[in-house]
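**Student:** Only the shape, not the letters, is given here:
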């Protein structure tokens, strides 16, 4: 896909679904006043070196565990009856779903908007990687054109 096609797709993602959700729930029900006071990112962007020193961007979702990390937190048996001390809430490693900020039963269009914007993040990373490849290709082309001019007879 060309970079312009990807950018056009990025521009169209999620906005219609978000507008439908605002219409269904009311304009004041979907807005900055419902945001949590403490927000944690659900995704991170990692840049890595690819071929020929180009940077490649990758979106990594928070709370994704490697297979060896999945399983019981403690080895051994649990004590079913014991002190009635209330356990301290553990800080969850995965961030809370932001849709919960807008209520328990949110419209399907709001879930669609969230999914579209998540896809948009991956699309933005792909666009950035593609733009790096295009810039690298242009610089290689300019370098080859300069060498060709130097090798042409009568140049200089």
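**Tutor:** Everything's here; your move. This one's a predicted model, so the numbers in the text were calculated from it and none came from an experiment.
**Student:** and the residue nearest in space to the middle of the chain, helix, strand or coil?
**Tutor:** Closest residue to the average C-alpha location of the chain: residue 121 at 4.0 Å, with CA atoms, centre = their mean. Assigned with DSSP: H, G, I helix; E, B strand; the rest coil, residue 121 falls in the helix class.
**Student:** Assess the claim that it and residue 44 are in contact.
**Tutor:** No. Taking contacts as CB atoms under 8 Å, residue 121 lies outside contact range of residue 44: 10.1 Å. To be clear about C-beta, it is placed using only N, CA and C from the backbone, and glycine gets the same treatment.
**Student:** what is in contact with these two at once?
**Tutor:** The overlap between the contact sets of residue 121 and residue 44 (CB atoms under 8 Å, 6 or more residues apart in numbering) consists of residue 59.
**Student:** Spell out which helix or strand contains residue 19, please.
**Tutor:** helix 15-25 (DSSP states H and E).
**Student:** Show me what that helix is packed up against.
**Tutor:** Judged by 3 or more CB pairs under 8 Å, 6 or more residues apart in numbering; DSSP states H and E, helix 15-25 is in contact with helix 108-151.
**Student:** what angle do the helix it packs on and helix 15-25 make?
**Tutor:** 160 degrees (axes from the mean of the first three to the mean of the last three CA atoms, to 10 degrees).
**Student:** Distance from the chain centre to the helix or strand bottoming out on mean pLDDT in the chain, please.
**Tutor:** Least confident helix or strand of the chain, by mean pLDDT, DSSP states H and E, is helix 3-12 with a mean of 72. Put simply, helix 3-12 sits 16 Å off its chain's centre (CA atoms, centre = their mean, to the nearest Å).
**Student:** Give me the contacts around that helix.
**Tutor:** 120, 123, 124, 126, 127, 130, 131, 134.
**Student:** now do 10 Å
**Tutor:** For helix 3-12, contacts defined as CB atoms under 10 Å, 6 or more residues apart in numbering pick out 1-2, 116, 119-121, 123-124, 126-127, 130-131, 133-134.
**Student:** What residues sit buried inside that helix?
**Tutor:** Neighbour-count burial for helix 3-12, counted by 16 or more other CB atoms under 10 Å, picks out 6, 10.
**Student:** what do you get for stretch 105-113?
**Tutor:** Buried residues in stretch 105-113, defined by neighbour count with 16+ other CB under 10 Å: 106, 107, 109, 110, 112, 113.
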